[in-house]
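1. Quick check, what structure comes out for this input:
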Amino acid sequence: MSRRRIHSAPDLASAEQAIAAARAAGIEDDALSLVARSDIEVLAIDDDMKQANTDMLPAAARGAGYGAAAGALAGLAAATFPPLGL
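-> Down below sits the predicted model:
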């Protein structure tokens, strides 16, 4: 049975101390979560450690790829089934 503990820190130094104390108690990093405002940047975080990738360029590339694929499928459907008026 796992237990969930929630702690609110008044400042960054207190949050860092709480994380250090949890690590010292033997809690592994994958069991710890730290939530903060987006303007608080402690250290550079590796992409594989992020739960949400907020980089706009890869998302825009995926969107362009999906849009191109959907457009190609719609074009093929319109060429294949002209009586449907697609």
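
2. CA only for contacts and neighbour counts going forward, please
-> Noted.

3. if you average pLDDT over the longest helix belonging to the chain, what comes out?
-> Assignment by DSSP state H gives helix 56-80 as the longest helix of the chain. Helix 56-80 shows a mean pLDDT of 89.

4. just stretch 38-46 next, same as before
-> Computed over stretch 38-46, the average pLDDT equals 67.

5. that older thread, point out the other helices and strands that the longest helix of the chain packs with.
-> Other helices and strands packing on helix 56-80, by 3 or more Cα pairs under 8 Å, 6 or more residues apart in numbering; DSSP states H and E, are absent; none qualifies.

6. just how off-centre is it within its chain?
-> Between the centre of helix 56-80 and the centre of its chain there are 23 Å (Cα atoms, centre = their mean, to the nearest Å).

7. again with stretch 77-86
-> On Cα atoms, centre = their mean, the centre of stretch 77-86 falls 39 Å from the chain's centre.

8. List the contacts of it.
-> The contact list for stretch 77-86 (Cα atoms under 8 Å, 6 or more residues apart in numbering) reads A74.

9. Just the CA trace of that stretch, in CSV.
-> This file holds the C-alpha atoms of stretch 77-86, laid out as CSV (Å, rounded to 0.1, in the frame of the first residue of the first chain):
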residue,chain,number,x,y,z
ALA,A,77,-11.1,10.0,-51.3
ALA,A,78,-12.2,12.9,-53.4
ALA,A,79,-10.4,11.5,-56.5
THR,A,80,-11.7,8.0,-55.9
PHE,A,81,-15.3,8.8,-55.1
PRO,A,82,-16.2,11.9,-57.2
PRO,A,83,-20.0,11.2,-57.1
LEU,A,84,-20.0,11.7,-53.3
GLY,A,85,-19.0,15.3,-53.7
LEU,A,86,-16.1,15.1,-51.3
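
10. That one: which residues count as buried?
-> Buried positions in stretch 77-86, judged by neighbour count with 16 or more other Cα atoms under 10 Å: none.

11. Renumber starting at 40 from here on
-> Done: numbering now begins at 40, and the last item shifts to stretch 116-125.
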